[in-house]
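Asks: test case, fold it:
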Amino acid sequence: MSGFVEKPEPIQVPGLVHLHTGKVRDLYQNEAGDLVMVASDRMSAYDWVLPTEIPDKGRILTQLSLWWFDQLADLVPNHVLSTALPAGAPADWQGRTLVCKSLSMVPVECVARGYLTGSGLAEYQESRTVCGLALPEGLVDGSELPAPIFTPATKAAVGDHDENVSYEEVARKVGADTAARLRQATLAVYARGRDIARDRGIVLADTKFEFGFDGDTLVLADEVLTPDSSRFWPADQWQPGRAQPSYDKQFVRDWLTSAESGWDRKSEEPPPALPQQVVEATRGKYVEAYERLTGVRWA
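Replies: Now for the predicted structure:
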């Protein structure tokens with residue numbers, strides 16, 4: 001059992017039709033047929049959407065995505081049409097709302113890995129492969145790969161795991177031409193993001209993207225290169241052979257699996273509310289990632 005501890009009721013806004021409540025984002029459609037994407041402050045971990053929010057998280061994700069879309073504009077178009085607040089929307093939506101082009105979404109999580117960790121490490125330890133791609137012997141947690149790899153996954157519903165799949169499976173699902181375009185775009189965007197992050201003292205270990213089609217044009221959608229969709233590590237603390245400090249929900253995961261939380265991850269009980277110190281530390285990491293990457297102080 002997993003999913004929402006407390007699923008929020010969608011906010012009703014005149015002229016907008018609510019389409020979906022995700023782990024973090026709420027999707028609406030306006031009268032022109034465009035998508036209105038609102039990033040909440042919700043936090044998810046271990047397939048649960050937690051009952052405690054992280055203040056400013058949705059705005060940080062939105063503003064960081066916008067900054068990255070600008071850095072990537074010459075590589076791939078994106079879905080953003082406007083950042084204007086829809087008429088009648090609550091004031092709290094300011095800074096966390098994007099009006100986006102409605103796309104035909106590709107049902108694949110496009111993951112790029114430049115370093116070995118997470119589910120990729122688990123597979124490597126069993127078979128010396130990640131998503132069926134053979135890797136050399138001797139790699140450990142945090143090792144840089146010889147070259148970045150495309151390791152797609154299936155898109156799961158709220159409460160379910162994304163599952164790694166082979167490139168061949170993606171080609172069967174969406175066609176060989178689309179699969180090749182996804183791989184090329186994913187690795188190109190990862191490489192740009194890795195280089196920019198490296199210049200700012202951050203290791204971009206891995207990341208996931210979502211793409212859709214506007215006619216025949218492949219378009220980058222959703223969020224991009226945020227702490228929710230990527231593993232960012234401080235470069236000066238990178239040390240292969242151990243778990244790396246990171247700019248994400250590390251404090252949340254660590255507390256949930258600690259004796260202090262009293263929560264058994266393997267049980268069917270929902271996780272408890274987060275203590276204030278964990279909330280503040282997690283918010284601090286999101287702010288730090290934004291400021292280090294963009295060079296702009298978070299107001």
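
Asks: CA atoms for contacts and neighbours, from now on please.
Replies: Will do.

Asks: residue contacts, Thr207?
Replies: Thr207 sits next to Val111, Ala112, Arg113, Tyr190, Leu225, Ser229, Ser230, Arg231 when contact means CA atoms under 8 Å, 6 or more residues apart in numbering.

Asks: could you do Leu204 as well?
Replies: With CA under 8 Å, 6+ apart, Leu204 has these contacts: Gly114, Gly193, Arg194, Ala197, Arg198, Ser230, Arg231, Phe232, Trp233.

Asks: now, those residues that are in strands?
Replies: Taking DSSP state E, the ones among these that sit in strands are Gly114, Ser230, Arg231, Phe232, Trp233.

Asks: hey, what's the second one bridged with?
Replies: Spelled out, that is Ser230. Under DSSP bridges, the beta-bridge partners of Ser230 are Thr207.

Asks: low-confidence stretches in this protein?
Replies: By pLDDT under 70, the low-scoring segments of the chain are 1-2, 156-161.

Asks: take the contacts of Thr207 and write them to a markdown table, including distance to Gly132.
Replies: A markdown table is the format used below for the contacts of Thr207 (distance: CA to CA, whole Å):
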| residue | distance to Gly132 |
| --- | --- |
| Val111 | 14 |
| Ala112 | 14 |
| Arg113 | 14 |
| Tyr190 | 20 |
| Leu225 | 25 |
| Ser229 | 22 |
| Ser230 | 21 |
| Arg231 | 22 |
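
Asks: any chance of the ones in strands among the contacts of Leu204 in a markdown table, with distance to Phe209 and neighbour count too?
Replies: Shown next, in a markdown table, are those (distance: CA to CA, whole Å; neighbours: other CA atoms under 10 Å):
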| residue | distance to Phe209 | neighbour count |
| --- | --- | --- |
| Gly114 | 14 | 23 |
| Ser230 | 9 | 21 |
| Arg231 | 13 | 25 |
| Phe232 | 15 | 24 |
| Trp233 | 18 | 22 |
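
Asks: so Asp26, which of the three states?
Replies: Following DSSP: H, G, I helix; E, B strand; the rest coil, we place Asp26 in the strand state.

Asks: wait, it sits on Asp41?
Replies: No: counting by CA atoms under 8 Å, Asp26 stays clear of Asp41, with 11.0 Å between them.

Asks: closest one of the ones in strands among the contacts of Leu204 to Tyr290?
Replies: Phe232 (11.0 Å; CA to CA).

Asks: ok, that closest one to Gly142 distance?
Replies: In this view, Phe232 and Gly142 are 12 Å apart by CA to CA, to the nearest Å.

Asks: what angle sits between whichever strand or helix holds Gln277 and strand 230-234?
Replies: For Gln277, the element it lies in under DSSP states H and E is helix 276-294. Angle, helix 276-294 to strand 230-234, by axes from the mean of the first three to the mean of the last three CA atoms, to 10 degrees: 90 degrees.

Asks: tell me the helices and strands packed up against helix 276-294.
Replies: Applying 3 or more CA pairs under 8 Å, 6 or more residues apart in numbering; DSSP states H and E, one finds that helix 276-294 contacts helix 57-72, helix 250-256.

Asks: ranges for the helices of this structure?
Replies: 57-72, 118-127, 167-174, 176-199, 250-256, 276-294 (DSSP state H).

Asks: who touches the second one?
Replies: By that I understand helix 118-127. With CA under 8 Å, 6+ apart, helix 118-127 has contacts from Thr129, Val130, Cys131, Leu135, Val140, Asp141.

Asks: kind regards, and thank you for your time.
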